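# Provided below for reference: sequence and predicted model.
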Amino acid sequence: MDNRTNTVFWAIIACLLWSTAAPGIKIGLEFSTPLHFAGVRFVISGLLILPFTVRPSAYISIIRGNIRIIMLVTMFQTVLNYILFYKGMDLVPGAIGAIVIGSQPLIIALTAALMIKEETLNLRKVSIIIIGISGVILVSLGRQGLKLGTAGELLGVIMILGANTCSAISNVVVSKKGKGINPFVLSSFSLLAGGLLIWLLSLLTEPPFIYPRGEGAVTYWISLGWLSFMSSVAFTIWYILLQRPGVKVSDLNFYKFIIPVFGAIISWLLIEGERPQWLTITGMVVITASLILFYRCSHQKQAC
């Protein structure tokens, strides 16, 4: 397996893991407030990675030597991104939220083009991204339909767009400035410290949380445990890939179009009342076509 194929393989693995997030969050939020759930999730994620990093003295040395970059990633990727994401998703219908989230590859491509000289946008790349976003819209329409009208819902859309922008900035920082930083240290600290900040904020802004009991407790802890494990693995993989020589931020993030496809399939399997619709299937076909076009385009000598 050559380096490029290896990168694509692990990018798909990370995106498959992230595709389980929406159903897991939907289940977990039945028992918890948004920021409390997010904070506890990321604290556990950061702790899960710690045994796979380095000895404590080396860990502290890496943090001290790269504190500015690591704190930027912590604030943009974990704190701001997920506060805006959870609060935004709480304000908008699920289908609208999925569509706005699905715009992430385009926002990241635009952000990377503005911040990194080597990242360029051309008509071909933008066209393929728009095809992918069209597929996301069809998947969302097939699952829930579109309903947007109140000022609160519009605010939710703006917050999710803000979350996408924060994630884009974080990806650029890791790719441009983070090369050489141990990715396990980067992911563990950013998740642990960011999770603590979100949890502390939840204490100030949300009602006191009472842990569920009985069958609800089992469901809550399973969803929280899986989301924590998933985040620890997916973010570590992503930071490793972003630091690889020759990997473009916009190209890597294009594979995130996989997330709504597998997210829909997982929802059909786990969430009662979720069933495949012809629009959803059509959207999946469109997304698959955009991925194939992108993969073929990136193999050609002409820049995609």
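Arrived safely, thanks for sending.
# average model confidence for the helix or strand harbouring Phe235?
Assigned by DSSP states H and E, Phe235 falls within helix 215-242. For helix 215-242, the mean per-residue pLDDT is 92.
# Can you give me the buried ones in that helix?
In terms of neighbour count (16 or more other CB atoms under 10 Å), helix 215-242 has its buried residues at 220, 223-224, 226-228, 230-242. C-beta: built from backbone N, CA, C; applies to glycine.
# And for stretch 30-41?
31-41.
# Low-confidence regions, the stretch 51-200 of the chain specifically.
93-99, 121, 140-149 (pLDDT under 70).
# Strands along that one, start to end?
With DSSP state E, counting those that start in this stretch as the criterion, the stretch 51-200 of the chain has no strands.
# Just the closest of the buried residues of stretch 30-41 to Leu191, please.
Nearest to Leu191, judged by CB to CB, of those is Arg41 at 8.9 Å.
# and that closest one, what does it touch?
The contact partners of Arg41, taken as CB atoms under 8 Å, 6 or more residues apart in numbering, are 28, 195, 224, 227-228, 231.
# Of those, which is the nearest to Thr5?
Set against Thr5, the nearest of these by CB to CB is Ser231 (25.4 Å).
# Quick check: which element contains Ile12?
Going by DSSP H and E, Ile12 is in helix 3-18.
# so after that helix, what's the next helix or strand?
Following helix 3-18 in sequence, per DSSP H and E, is helix 21-28.
# Can you spell out which helices and strands pack onto that following helix?
Under the contact criterion of 3 or more CB pairs under 8 Å, 6 or more residues apart in numbering; DSSP states H and E, helix 21-28 touches helix 34-49, helix 215-242, helix 258-270.
# right, and these - which one's nearest Ile63?
Among the helices and strands packed on helix 21-28, helix 34-49 sits nearest to Ile63 (CB to CB), with 12.4 Å.
# Distance from that closest one to the middle of the chain?
How far helix 34-49 lies from its chain's middle: 14 Å, per CA atoms, centre = their mean, to the nearest Å.
# average pLDDT across it?
pLDDT averaged over helix 34-49 gives 94.
# Can I get it in CSV? Just the C-alpha atoms.
The C-alpha trace of helix 34-49 is given here as CSV (Å, rounded to 0.1, in the frame of the first residue of the first chain):
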residue,chain,number,x,y,z
PRO,A,34,-25.6,19.2,25.7
LEU,A,35,-22.5,20.9,27.2
HIS,A,36,-22.3,18.5,30.2
PHE,A,37,-22.4,15.5,27.8
ALA,A,38,-19.8,17.0,25.5
GLY,A,39,-17.5,17.9,28.3
VAL,A,40,-17.5,14.5,30.0
ARG,A,41,-17.2,12.8,26.6
PHE,A,42,-14.0,14.7,25.7
VAL,A,43,-12.4,14.4,29.1
ILE,A,44,-12.8,10.6,28.9
SER,A,45,-11.4,10.7,25.3
GLY,A,46,-8.3,12.6,26.4
LEU,A,47,-7.8,10.2,29.3
LEU,A,48,-8.1,7.2,27.0
ILE,A,49,-5.2,8.4,24.8
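# circling back to that earlier point, and the contacts of Arg41, which two are furthest apart?
Pairwise distances across the contacts of Arg41 (CB to CB) peak at 14.3 Å, for the pair Gly28 and Gly195.
# Now Leu291: which helix or strand?
Secondary structure assignment for Leu291, by DSSP H and E: helix 278-299.
# who touches that helix?
With contacts defined as CB under 8 Å, 6+ apart, helix 278-299 is touched by 8, 124-125, 128-129, 131-132, 134-143, 251, 254-255, 257-258, 260-261, 264, 304.
# pull the CA atoms of that helix into CSV?
C-alpha atoms of helix 278-299 as CSV (Å, rounded to 0.1, in the frame of the first residue of the first chain):
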residue,chain,number,x,y,z
TRP,A,278,-35.6,7.1,-2.1
LEU,A,279,-34.2,10.6,-1.7
THR,A,280,-31.8,9.4,0.9
ILE,A,281,-30.6,6.5,-1.4
THR,A,282,-30.3,9.0,-4.3
GLY,A,283,-28.2,11.3,-2.1
MET,A,284,-25.9,8.4,-1.2
VAL,A,285,-25.4,7.6,-4.9
VAL,A,286,-24.6,11.3,-5.6
ILE,A,287,-22.1,11.4,-2.7
THR,A,288,-20.4,8.2,-3.8
ALA,A,289,-20.1,9.6,-7.4
SER,A,290,-18.5,12.8,-6.0
LEU,A,291,-16.0,10.6,-4.0
ILE,A,292,-15.1,8.6,-7.1
LEU,A,293,-14.7,11.8,-9.2
PHE,A,294,-12.5,13.3,-6.6
TYR,A,295,-10.3,10.1,-6.3
ARG,A,296,-9.9,9.9,-10.0
CYS,A,297,-9.2,13.7,-10.3
SER,A,298,-6.5,13.5,-7.6
HIS,A,299,-4.7,10.7,-9.5
